[in-house]
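J.: Need a 3D model of the sequence below.
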Amino acid sequence: KEAISDVTFSQFNRKLRKGTHRDEPDHVSEIFTLCFLLAGLRGVGPKKCCFKFNDKQVSKEKVMSYIRTSQRCSNSAILLNMVTGRQLCVKPSTPWVKDLITYLDTKNISGANSNL
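T.: Presented below is the predicted three-dimensional model:
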């Protein structure tokens, strides 16, 4: 008993790893690997999806740009980037949204050509 009580936990752990118990799995590395894999999976999904939609028509002067949401989202949507910095979700099938997208696309094309 005296020999065992004199050994600290870290010394015991080192002796255990050097001994015949080397076949046992290293749980620390398994947990680290699992955490690493889970952290990597967080970036796989879509960045932004819409679940609530703005139904009111928005003035085209208040919209800077738009982004189509990922096809992996459950709802097809357009994210409007407003001059105020806010983002609004709208349905792409709405007639005024289609007109707004056409307006923004032509505005961006003419703005890109003006620097030539």
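
J.: Check which helices and strands the lengthiest helix in the chain sits against.
T.: Counting by DSSP state H, the longest helix found in the chain is helix 95-113. Using 3 or more C-beta pairs under 8 Å, 6 or more residues apart in numbering; DSSP states H and E, the elements in contact with helix 95-113 are strand 63-68, strand 78-82. Bear in mind the C-beta positions are built from the backbone N, C-alpha and C, glycine included.

J.: Now with 10 Å, please.
T.: On a contact count with 3 or more C-beta pairs under 10 Å, 6 or more residues apart in numbering; DSSP states H and E, helix 95-113 meets strand 63-68, strand 78-82, strand 87-90.

J.: Low-confidence regions, the protein specifically.
T.: 1-26, 28, 32-46, 110-116 (pLDDT under 70).

J.: swap the cut-off to 50 and go again
T.: Low-confidence segments of the chain, defined by pLDDT under 50: 1-2, 20-22, 114-116.
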